[in-house]
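**Q** How does the following fold in three dimensions:
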Amino acid sequence: MAPSASFSPANATDGGPRLDAAGPTANLFSRVRLQLDALSEWGNTGAEACGRLVSVFEALTGEALDRPANPPFPGLSFINADGLPFQWVFRFSRAQSGFGFVCESGKPGDSPQQRLEYSLERFNMACDIAGVTRPSWFRDVTAAIMPPGNESLPAHWRSAMWMGVAASRTGIQLKPYLNLNRGTARERWMRAGWTLKHLGRLESLERLCAVSHRVSADSWPVGLAFDILPNGEAGRVKIYFRSGAVRADWLARWYKATGYCAHAAQVRACLDLFPWAGRENYPDGAFTLSLEFHPHGPVGLKTDFAVTKWMAGDRQSLTACGDLIERVEADPARLESALAAIGAVSLADGSCEVMRFAGLGSEPDGSCHVNVYVAPPCRPTRAVAKGRRTRTSKRAAIEKGLSFLLAARTDGHWRDFRLPTGESDAWVTAYVLAHVPKMQEAEQSLDWLLGKRTPGGGWGYNASVEDDCDSTSWAIVALRRHGREVPADAFEVLRRCERSDGFATYPEGSSPGNAWARSVPDVTALAYRALKQPVTEESTTMFRRWLLPNGTIPAYWWASRFYTLAAVLDWNAGFPLDCARSLAAGAFEQALRLRCLVQFDARGSRAAASRLIAMQNADGSWPESAVLRLASPETGDPWNVIDSGPLYLDHKRIFTTVTAIDAISRVAW
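**A** Next up is the predicted model:
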């Protein structure tokens, strides 16, 4: 077939797919084909490359997508949860953004063996269309990876082969995937190694052997992928490993073994942005890691996070992906526009139908990129019409929130978070009282808080934990806010936690000590506020040492990158900051960011407040999204460590709700 030829099932006379993209029985092929046109324009794909791309798409998907656009879609391999055998891939890096897709070829209902043979034929056709020399070695590799000819494919296989396609102005990149998910883990590692040897990648084989004994626990090889070069040779060879029910140290081992420790902060950011809270082990298959062998020795690494296994909804995942894209110095608005191009303009908070995976790639040159894997919307969605609409007022939102908080009290105090030491009462109650306005209902809670002061003079997380600087600081701020006298020995608790470079959570000599007894940014900022520490050049410079490139400051005990910054601004309103463009994931993050915006951007703060009010639940609360990190005492900078400690959500929504109330109340409306 000539490179410019187009496989066009739309013109077939045997009942093949037609471009009938409207109506309840719209054809799936037609709908995804229209999305391809929109993305080609989004990606600024050149005319010639676009023509080839459309022809490749038609050749690979003509039969698989020839069905009504009504889920579920049985008979193929479940690339998406509803069986839809197609997925968009958006790639973002500092240098560029682009798109591609992953698909399956073949007739739904045919056996995996039949679809394998069909896929091999269509792969050759796609090579011809894309102007790529057919790789003669690929069928040999396929024959060696698949079971012997006298054996059927494993019963648990839904498919044996998939195709990846990427588009750019310079041409079409083809990437076939082969199923490796059979036999013992050792047998899978051996087949992956044989493939590298067969391709003459002996240096790559040595690297694979070198890392295997360091990372093999709970690492199940499940697939192979090959970048096909224009001359038909193999470019990158990717080996995919699926995790079992593992902790974050599984990822830490991989990044250490492959020499990518410098990217630990980016991986930690992914885990914080997509929080798996309250448990140590992630769900089975939460991570799919690919070891990427380039032709001349260097090794890349990419982790795909199966966010639908634990995230609450598409909107939350979209915000987190945008934040991650921003962290690799790319433009998160490009993701929004890509989703708009395929008609995904109204993502839900309570369901995961569009956002499927988020991938973080580490390249040998030290750069990072983000991949976002998206299921094509089957039904067109409409943007909300602009114009007048009912909006909850600032006052009504605050009153509803306060009603929720007062109803959530038990014996005059609040509880939230569920750590191994139990729920917190003193710390949570102090935090709430430090953020609610003066009101008669608060007096009982203030009495309760004063009654919970320990013989040491301060307050702790709860009665089973010793006094700490953070809890005591919040209690001081709360008492002062409501006009209560602060006991003098409470300040002594803070002084015992003071270091030459800030404040620690616990005094020296306490258990477990280590990093918990060293100065950290979030506790230091709060202690400065509680002590009314004068703002000096020296103290301001101290916080600058913690500044991240995006203008925010990390926190030791929080996944949020706005928590410390908000605390610093409460102490020093003149602290220089540049976080107006930084994204915030979840209601807690958005409330903290709003508190920062109020300091310097009145117009922006009003818009942010409106968005935050729109997130309020019917009962007056805001969705739980305050992510507390129980950092390991051995870890001094948990924001840079992959396995720094488990995460916990404010499961009773107390922390998020009172933070939102406080932030909204600061906005001049």
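
**Q** Checking my notes, F99 in a strand, right?
**A** Yes. Counting by DSSP: H, G, I helix; E, B strand; the rest coil, F99 is part of a strand.

**Q** Who are the contact partners of the most centrally placed residue in the chain?
**A** Geometric centre of the chain, nearest residue: F274, 4.1 Å, by CA atoms, centre = their mean. The neighbours of F274, taking CB atoms under 8 Å, 6 or more residues apart in numbering as the test, are 305, 307, 310-311, 317, 320, 358. All C-beta spots, glycine's among them, are computed from the backbone N, C-alpha and C.

**Q** Below-threshold pLDDT in the stretch 401-550 of the chain: ranges please.
**A** Counting by pLDDT under 70, the stretch 401-550 of the chain shows no low-confidence range.

**Q** Would you map the strands across it?
**A** Using DSSP state E, counting those that start in this stretch, the strands found in the stretch 401-550 of the chain span residues 416-419, 422-424, 498-499, 502-503.

**Q** looking at those strands, which is closest to V102?
**A** Closest approach to V102 among those (CB to CB): strand 416-419, 38.6 Å.

**Q** Let me see the contact set for E329.
**A** Contacts of E329 by CB under 8 Å, 6+ apart are R94.

**Q** switch the cut-off to 10 Å
**A** Shown in contact with E329 (CB atoms under 10 Å, 6 or more residues apart in numbering): 92-95, 367-368, 549-550.

**Q** That one looks like it's in a strand, true?
**A** No. Counting by three-state DSSP, E329 is located in no strand; its state is coil.

**Q** How about the backbone phi and psi for it?
**A** The phi/psi pair for E329 (degrees, to the nearest 10) reads phi 70, psi 30.

**Q** Check S204 too.
**A** phi -70, psi -40.

**Q** Tell me the confidence at it?
**A** In this model, S204 is scored at 95, pLDDT.

**Q** give me the number of residues near it?
**A** Per other CB atoms under 10 Å, the neighbour tally for S204 reads 25.

**Q** what packs against the top helix by length along the chain?
**A** Counting residues, the longest helix in the chain under DSSP state H turns out to be helix 112-130. Contacts defined by 3 or more CB pairs under 10 Å, 6 or more residues apart in numbering; DSSP states H and E place helix 112-130 against helix 47-61, helix 136-145, strand 161-168, strand 171-179, strand 219-228.

**Q** what is the orientation angle of that helix with strand 171-179?
**A** 170 degrees (axes from the mean of the first three to the mean of the last three CA atoms, to 10 degrees).

**Q** oh, and call the first residue 165 from now on, that's how I've got it
**A** With the count now opening at 165, the last piece we talked about shows up as helix 276-294.

**Q** so how far is helix 276-294 off the chain centroid?
**A** In terms of CA atoms, centre = their mean, to the nearest Å, the centre of helix 276-294 is found 34 Å from the chain centre.

**Q** can I get the CA coordinates of it in CSV?
**A** Below are the C-alpha coordinates for helix 276-294, written out as CSV (Å, rounded to 0.1, in the frame of the first residue of the first chain):
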residue,chain,number,x,y,z
PRO,A,276,-6.8,-13.6,21.1
GLN,A,277,-4.9,-15.9,18.7
GLN,A,278,-7.0,-14.8,15.7
ARG,A,279,-6.6,-11.1,16.8
LEU,A,280,-2.8,-11.6,17.1
GLU,A,281,-2.5,-12.7,13.5
TYR,A,282,-4.8,-9.9,12.4
SER,A,283,-2.8,-7.4,14.4
LEU,A,284,0.5,-8.5,12.8
GLU,A,285,-1.1,-8.0,9.4
ARG,A,286,-2.4,-4.5,10.3
PHE,A,287,0.9,-3.6,11.9
ASN,A,288,2.6,-4.2,8.5
MET,A,289,0.0,-2.2,6.8
ALA,A,290,0.5,0.7,9.3
CYS,A,291,4.3,0.6,8.6
ASP,A,292,3.6,1.0,4.9
ILE,A,293,1.2,3.9,5.5
ALA,A,294,3.7,5.6,7.9
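
**Q** ok, and the most crowded of the contacts of E493?
**A** Tallying neighbours with other CB under 10 Å puts F256 at the head of the contacts of E493, with 26 neighbours.

**Q** gap between it and L488?
**A** 9 Å (CB to CB, to the nearest Å).

**Q** what residues are shared contacts of those two?
**A** In contact with both F256 and L488: 494, 496, 499, 532, 534, 536, using CB under 10 Å, 6+ apart.

**Q** tally of neighbours for S204?
**A** Neighbours of S204 under the rule other CB under 10 Å: 20.

**Q** Check the gap between it and R333 for me.
**A** Counting by CB to CB - S204 and R333 are separated by 11 Å.

**Q** re earlier: quick check: phi and psi at the closest residue to the residue nearest to the centre of the chain other than its chain neighbours.
**A** Sequence neighbours aside, V471 is the residue nearest to F438 in space, at 5.1 Å (criterion: CB to CB, 6 or more residues apart in numbering). Dihedral angles of V471 (phi, psi; degrees, to the nearest 10) stand at phi -60, psi -20.

**Q** Hmm, V471 is touching L437, no?
**A** Yes. Under the criterion of CB atoms under 10 Å, V471 makes contact with L437 at 9.3 Å.

**Q** more crowded one of those two?
**A** L437 (27 against 24).

**Q** Does that one touch F469 like I think?
**A** Yes. Between L437 and F469 there is a contact under CB under 10 Å: 9.2 Å.

**Q** Find the residues that touch each one of these two.
**A** The contact sets of L437 and F469 overlap at 475, 481, 484-485, 488, 522 (CB under 10 Å, 6+ apart).

**Q** Looking at the residues you listed, which one is closest to L360?
**A** A522 (27.9 Å).

**Q** secondary structure element for that closest one?
**A** Using DSSP states H and E, A522 falls within strand 519-526.

**Q** One more: A428?
**A** Going by DSSP H and E, A428 is in helix 428-437.

**Q** Check which helices and strands that helix sits against.
**A** Using 3+ CB pairs under 10 Å, 6+ apart, helix 428-437 sits against helix 413-421, strand 463-469, helix 478-491, strand 519-526, strand 532-538, strand 791-793.
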